[in-house]
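Undergrad: Sequence below, structure please.
(one chain, ligands or ions: 3)
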Amino acid sequence: MKVKIEVQNKKEDEIKADVLVIPLFENSFPKPYEKLNSQTEGLLYRIIKSGEFNAKLGSNTLIHLHNSEIDRILLTGLGKKSEITTEKIRQSGGKALTYLKSLGFERVVISTKELDTITSEINCKESLPTYFLEGALLNLYSFDKYKKSEEVREIKNIVLLYEEKKIPLKWVQTNVEAVNFARDIINTPANDMTPTKLAEIANSLASKKINVKILERQEAQREGMNAFLSVAKGSNEPPKFIILSYSGSKGSPLVLIGKSITFDSGGISLKPAEGMEKMKYDMAGGAVVLAIIKGASQLDLPLNLIGILPATENLPGGNATKPGDVVSAITGKTIEIVNTDAEGRLAIADAIGYAIKYFKPKAIIDIATLTGACKITFGNEAAAMMGNNSELMDKIKEASLETYERVWEMPLYEEYKDYLKSDIAHLKNSAGKDAALLTGGYFLKEFVNDVPWIHLDIASVAWNDKDKPYLSKGATGFGVRLMLRFLKELS
Ligand code: BES
Ligand code: MN
Ligand code: ZN
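TA: Residues are numbered from 1 along each chain as shown. Ligands and ions are numbered 1, 2, ... in the order given. Next up, the predicted model:
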């Protein structure tokens, strides 16, 4: 369901509300609310003084009023004013809405006065209430395709009290919708999110500005994309090599490649059963690329993008690729597949080769749940970034500070080339456990040559095992807001 969002430049005493959300800092008797305090006969300050509401980040206290156009006030904590960041504001928005959702409210009014009292330098591109709204909206997502219950009360309307022109409403809404679009695709189990289904979704994005082309197995064969196709051999689902192009300007495109393994069992190098169900999210990169293209088009960003999703399942089977098999990629490079579970890089290597062959890319960015080692390294806190162009990486870092989808640069030491040496082919697809996160990146580097390129390993962050303040359990859509911000600053 789509939430209606309004920004109204009204005062708290001019509105009617079932619930008015008031974000507050710790240890302060909020000056901007003196009038509301006296209207409530001192209730507001009394509850702060009592310590019942301490304004710690994410804390919530609901007060009922009488004789007022405002039925209830929700005091919600922003934490210490001296420690405030845009991310904490987002989290506070998320926590407040979680609370209100659980109480069954349908219309929520948000007051922003305390946020406007911040005078210290805080690193941000938008006005502070924008972040509260973003956290609130991201929080409203739920994945209930398979568990629809009737008569659930949902939040249908959010009213933000602030100056209209200071909230980039379209920007926030497009970002949130794009993130949620990706989350839906990623959360959908592999029986319903096949390569064919991904191709259908890509086709549904086709418009005046977005062109979609799908290569079937045979066409991929003709292109010599045997690295990609080797992954598909064990599966009965037909692979799809999906290409989208968004044209918003003239000039050479930026190519985005998303890993799109709709289920990764490991193939003959089978993964352990425990947790294998989560390998439906091995197409998170592809979903994120679809969402970026969708968002960029809705925002009319003045640039050209190509999105490539080499989509397939990775299953064992009578026809599956066997450890030790040698295949050749579109570039002619031969690869010894020593581990069929290192499949993402095979698919992406051909996507990179295809991009260079046909699109003269200005740069290539691949987004992939590439290695378990990434998750071991970062937990759930950051994506790994590798690349051959520091200027581009700096821009991604800058965007990531804004969206708090953190990236951490990792090295691609020349020495890793040796790790990937094969006795019988140009290289092998896995170097085993040592530096697995980095040799994964290095493998891809061998296919990009001199094209400016960035690899984002999102295996760590694409999925939340538990609820976070504004991103519930399950798919996170990590990378969508990051890349839209990056593209916006670029254009
Ligand atoms: N899709 C996995 C990586 C992954 C693991 C993503 C856990 C998210 C959570 C990838 O295809 C894989 O299996 N990688 C192997 C590479 C190894 C064989 C070099 C891995 O990480 O074990
Ligand atoms: Mn794998
Ligand atoms: Zn995988």
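
Undergrad: Surely Val19 forms part of a helix?
TA: No: counting by DSSP: H, G, I helix; E, B strand; the rest coil, Val19 is not part of a helix but strand.

Undergrad: Next up, the contacts around it.
TA: Applying CB atoms under 8 Å, 6 or more residues apart in numbering, we find Val19 in contact with 62, 70-74, 100, 105, 107-109. The way it works is simple: take the backbone N, C-alpha and C, and place the C-beta from them, glycine included.

Undergrad: If we use 10 Å, what do you get?
TA: 62-64, 70-74, 96, 99-100, 103, 105-110 (CB atoms under 10 Å, 6 or more residues apart in numbering).

Undergrad: Can you name the residues bridging to it?
TA: Beta bridges link Val19 to Arg72 when assigned by DSSP bridges.

Undergrad: Could you measure from Ile84 over to Ile293?
TA: Applying CB to CB, to the nearest Å, the value for Ile84 to Ile293 is 34 Å.

Undergrad: since we're on the residue in the stretch 201-350 of the chain that ligand 2 sits nearest to, how many residues are nearby?
TA: Nearest to ligand 2 in the stretch 201-350 of the chain, going by CB to the ion, is Asp341, at a distance of 3.8 Å. Neighbours of Asp341 under the rule other CB atoms under 10 Å: 20.

Undergrad: do Gln39 as well
TA: So Gln39, with other CB under 10 Å, has 18 neighbours.

Undergrad: now do the one 5 residues further on
TA: Per other CB under 10 Å, the neighbour tally for Leu44 reads 24.

Undergrad: and if you look at the one 5 residues further on?
TA: Around Lys49 sit 11 other residues, with neighbours defined as other CB under 10 Å.

Undergrad: Regarding the nearest residue to it once chain neighbours are set aside, what is its secondary structure?
TA: Nearest non-adjacent residue to Lys49, counting by CB to CB, 6 or more residues apart in numbering: Phe29, 7.8 Å away. Recorded secondary structure, Phe29: coil (three-state DSSP).

Undergrad: mind listing what Phe29 touches?
TA: Phe29 touches 37, 44-45, 48-49, counting by CB under 10 Å, 6+ apart.

Undergrad: Next one: it, what pLDDT does it get?
TA: Looking at Phe29, its pLDDT stands at 85.

Undergrad: ok, now Tyr141?
TA: pLDDT, Tyr141: 95.

Undergrad: In this structure, which residue sits nearest ligand 3?
TA: For the chain, CB to the ion, closest residue to ligand 3: Asp264, 3.7 Å.

Undergrad: State whether that residue and Thr369 are indeed in contact, as I suppose.
TA: Yes: Asp264 is within contact range of Thr369, at 8.3 Å (criterion: CB atoms under 10 Å).

Undergrad: which neighbours do those two share?
TA: Counting by CB under 10 Å, 6+ apart, the residues touching both Asp264 and Thr369 are 278-279, 281-283, 344.

Undergrad: Using ChimeraX, define a selection of the buried residues within those.
TA: Command for ChimeraX that selects the buried part of the shared contacts of Asp264 and Thr369, burial taken from 16 or more other CB atoms under 10 Å:
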select :279,281,282,283,344
